[in-house]
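Peer 1: Sequence and predicted structure are below.
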Amino acid sequence: MNTEEKCVRVWDLPTRLFHWALVVLIALQFATAEFGFLSMQWHYRFGWATLALIVFRVLWGFAGSQTSRFADFVRGPRAVADYVRATFSATAPARIGHNPLGGWSVVAMLACVLVQALSGLFASDGIDEDGPFVDAVSNATVKLATKVHHLGESALLVLIVLHIVAVLLHRLLKHDDLVTPMITGRKRADAPAPMRFASNGWALALFVVVAALVLALTTQGQ
């Protein structure tokens, strides 16, 4: 291990709570929709909670801690290509937060889950389960939203599998543990330049506002 390495703070608490809460909510939604675990009413409730989480994370990507901001990890095609080439080199530089390729996987995951949450509001199985806003739109919109919701489920599963594979490859090939830091917030790395971390209180206030807005929206769909 590099003698200059030490345990440094990487992820703030809000980002870590978001990550694991999203894991749980996606698992619960899949279980309710595919295996009849609980009723579909719970599927809708989990969907609302997911929408609140995603909106919060998008806002946190602009107003949160340094490693959580999109500006810190969303890079152009050249940076992604350079990173991919570097991964095959023994001198590939270590990253504190998301690498350029991982950054785009985060964006893809957030976009996919957001599309799922929004399309579910207007989707219908054509029998006895309707999204909360089905009556507010045309049949054509309902059909489109339903198709998008079904396709989005498959796309989300693919992204999840790719994410898990990437985490395992990092562990096996690069000896880089990505899971523990997402639990503890810290990892062993060369001491970076001082990083900026937003306060937990600011995150809580932001989430309360987002949750209140989503809760108000749920009353319109009843």
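Peer 2: Sure, I can see it.

Peer 1: Just give me the longest helix of this protein.
Peer 2: helix 139-173 (DSSP state H).

Peer 1: Identify each buried residue in that one, please.
Peer 2: 142, 145-146, 148-149, 152-153, 155-156, 159-160, 163, 167, 170 (16 or more other C-beta atoms under 10 Å). (Glycine included, C-beta is placed from N, CA and C.)

Peer 1: Just put the residues you listed in TSV and tack on distance to Val179.
Peer 2: Converted to TSV, those look like this (distance: C-beta to C-beta, whole Å):
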residue	distance to Val179
Val142	40
Ala145	35
Thr146	35
Val148	31
His149	30
Gly152	26
Glu153	25
Ala155	24
Leu156	20
Leu159	17
Ile160	14
His163	11
Val167	6
His170	9
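
Peer 1: Name the nearest of those residues relative to Ala86.
Peer 2: Distance to Ala86, by C-beta to C-beta, is smallest for His170 among the buried residues of helix 139-173, at 13.6 Å.

Peer 1: can I assume that closest one is in contact with Val179?
Peer 2: No. In this structure, His170 is not within contact of Val179 by C-beta atoms under 8 Å, at 9.5 Å.

Peer 1: Check which helices and strands the longest helix of the chain sits against.
Peer 2: With contacts taken as 3 or more C-beta pairs under 8 Å, 6 or more residues apart in numbering; DSSP states H and E, helix 139-173 sits against helix 13-34, helix 100-120.

Peer 1: Return the last one as PDB; C-alpha atoms alone will do.
Peer 2: The reference is to helix 100-120. What follows is helix 100-120, C-alpha atoms only, in PDB (Å, rounded to 0.1, in the frame of the first residue of the first chain):
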ATOM      1  CA  PRO A 100     -15.600   9.500 -16.100                       C
ATOM      2  CA  LEU A 101     -17.300   6.200 -17.200                       C
ATOM      3  CA  GLY A 102     -18.900   5.700 -13.800                       C
ATOM      4  CA  GLY A 103     -20.200   9.200 -13.900                       C
ATOM      5  CA  TRP A 104     -22.200   8.600 -17.100                       C
ATOM      6  CA  SER A 105     -23.500   5.400 -15.600                       C
ATOM      7  CA  VAL A 106     -24.800   7.500 -12.700                       C
ATOM      8  CA  VAL A 107     -26.500   9.800 -15.100                       C
ATOM      9  CA  ALA A 108     -28.000   6.900 -17.100                       C
ATOM     10  CA  MET A 109     -29.300   5.300 -13.900                       C
ATOM     11  CA  LEU A 110     -30.900   8.500 -12.600                       C
ATOM     12  CA  ALA A 111     -32.500   9.200 -16.000                       C
ATOM     13  CA  CYS A 112     -33.900   5.700 -16.300                       C
ATOM     14  CA  VAL A 113     -35.400   5.700 -12.800                       C
ATOM     15  CA  LEU A 114     -36.800   9.100 -13.300                       C
ATOM     16  CA  VAL A 115     -38.500   8.000 -16.500                       C
ATOM     17  CA  GLN A 116     -39.800   5.000 -14.700                       C
ATOM     18  CA  ALA A 117     -41.300   7.000 -11.900                       C
ATOM     19  CA  LEU A 118     -42.900   9.600 -14.200                       C
ATOM     20  CA  SER A 119     -44.200   7.000 -16.800                       C
ATOM     21  CA  GLY A 120     -45.700   5.000 -14.000                       C
END
